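Asker: I would like to see how this sequence folds:
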Amino acid sequence: FLDINCGCPIYEATRRGMGSAMLRKPRALAKMVAGIAADSELPVTVKIRLGENDKKIVVDTVVDYLHRAGAAAVTVHGRTAEQRYKKAADWAKVGEVARSTPVPIIGNGDILTHYEAHARRTESGCTAVMAGRGALIKPWIFQEYKEGREWLPSTEERVGVYRLLVSYMKEHFGDDERGRRKAWYFFPWHFDFLNRCV
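Answerer: Down below sits the predicted model:
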């Protein structure tokens with residue numbers, strides 16, 4: 001599938017009219033999605049937030065427009081752009097959206113454990129859930145979800161996860177000087193998340 005991320009609240013994206021800034025113009029967003037969906041051999045999905053801020057909750061309108069534009073599914077992050085990651089995700093609103101539209105809704109926000117993933121999916125009525133920071137903190141959350149059990153890696157197993165990440169980075173960026181420079185840009189960021197799981 002081809003996913004269009006209109007949920008990113010980071011200033012570097014929004015100042016250019018990208019990411020969650022696209023929620024300000026739902027019709028223009030839907031027109032863009034319709035154009036992409038019409039020419040894409042892959043299903044097109046779109047990630048959005050509830051709105052720009054608490055006073056501008058536009059998720060229902062945006063989901064309706066995206067559905068009519070041909071989006072195969074919509075991921076709804078349960079916060080506004082202004083909230084970024086400061087408040088708890090509003091899963092009541094995510095569930096309300098999921099129950100009110102024929103387009104499949106993928107719920108997102110505060111999925112940090114496999115327990116939360118199962119509970120949020122069941123309680124909200126979402127077709128699926130998406131882990132963001134939870135997957136960065138515990139890349140094995142998907143294995144836990146699939147197996148329905150928690151995995152507490154030993155030191156050796158955790159080092160194995162780090163080594164696997166390094167091999168993926170080498171494969172993606174290359175093992176030359178330029179590739180290592182790009183990989184080392186991301187390593188501290190990933191390790192910061194990985195070390196949050198104790």
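
Asker: Give me the neighbour count for Ala119.
Answerer: 14 (other C-beta atoms under 10 Å). Just so you know, the C-beta spots here come from the backbone N, C-alpha and C atoms, and that holds for glycine as well.

Asker: for it, helix, strand, or coil?
Answerer: Three-state call for Ala119 (DSSP: H, G, I helix; E, B strand; the rest coil): helix.

Asker: residue contacts, the residue nearest the centre of the chain?
Answerer: Most central residue of the chain, judged by C-alpha distance to the mean C-alpha position with C-alpha atoms, centre = their mean, is Gly132 at 5.0 Å. Shown here is Gly132, whose contacts under the criterion C-beta atoms under 8 Å, 6 or more residues apart in numbering are Asn108, Gly109, Ile111.

Asker: I'd like to know the phi and psi angles of the first one, please.
Answerer: Read that as Asn108. In terms of degrees, to the nearest 10, the main-chain angles of Asn108 are phi -150, psi 140.

Asker: Please verify my assumption that it contacts Ala128.
Answerer: No. The criterion here is C-beta atoms under 8 Å, and Asn108 misses it with Ala128 at 9.6 Å.

Asker: which of those two has more neighbours?
Answerer: Asn108 (25 against 13).

Asker: ok now do the more buried one, which residues does it touch?
Answerer: For Asn108, the contacting residues are Gly7, Lys47, Thr75, Val76, His77, Gly78, Ala89, Val94, Val129, Met130, Gly132, taking C-beta under 8 Å, 6+ apart as the criterion.

Asker: mind exporting stretch 45-54 as CSV, just the C-alpha atoms?
Answerer: Below are the C-alpha coordinates for stretch 45-54, written out as CSV (Å, rounded to 0.1, in the frame of the first residue of the first chain):
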residue,chain,number,x,y,z
THR,A,45,-4.1,5.0,2.8
VAL,A,46,-3.8,8.3,4.7
LYS,A,47,-2.7,9.0,8.3
ILE,A,48,-4.3,12.0,10.0
ARG,A,49,-4.9,13.5,13.4
LEU,A,50,-8.1,14.6,15.1
GLY,A,51,-7.5,18.2,13.9
GLU,A,52,-5.2,21.2,14.3
ASN,A,53,-6.2,21.9,17.9
ASP,A,54,-9.0,21.3,20.4
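
Asker: buried set for it?
Answerer: Residues of stretch 45-54 classed as buried: Thr45, Val46, Lys47, Ile48, Arg49, Leu50, Gly51, Glu52 (neighbour count, 16 or more other C-beta atoms under 10 Å).

Asker: what do you get for stretch 102-117?
Answerer: By neighbour count, and taking 16+ other C-beta under 10 Å as the criterion, the buried residues in stretch 102-117 are 103-114, 116-117.
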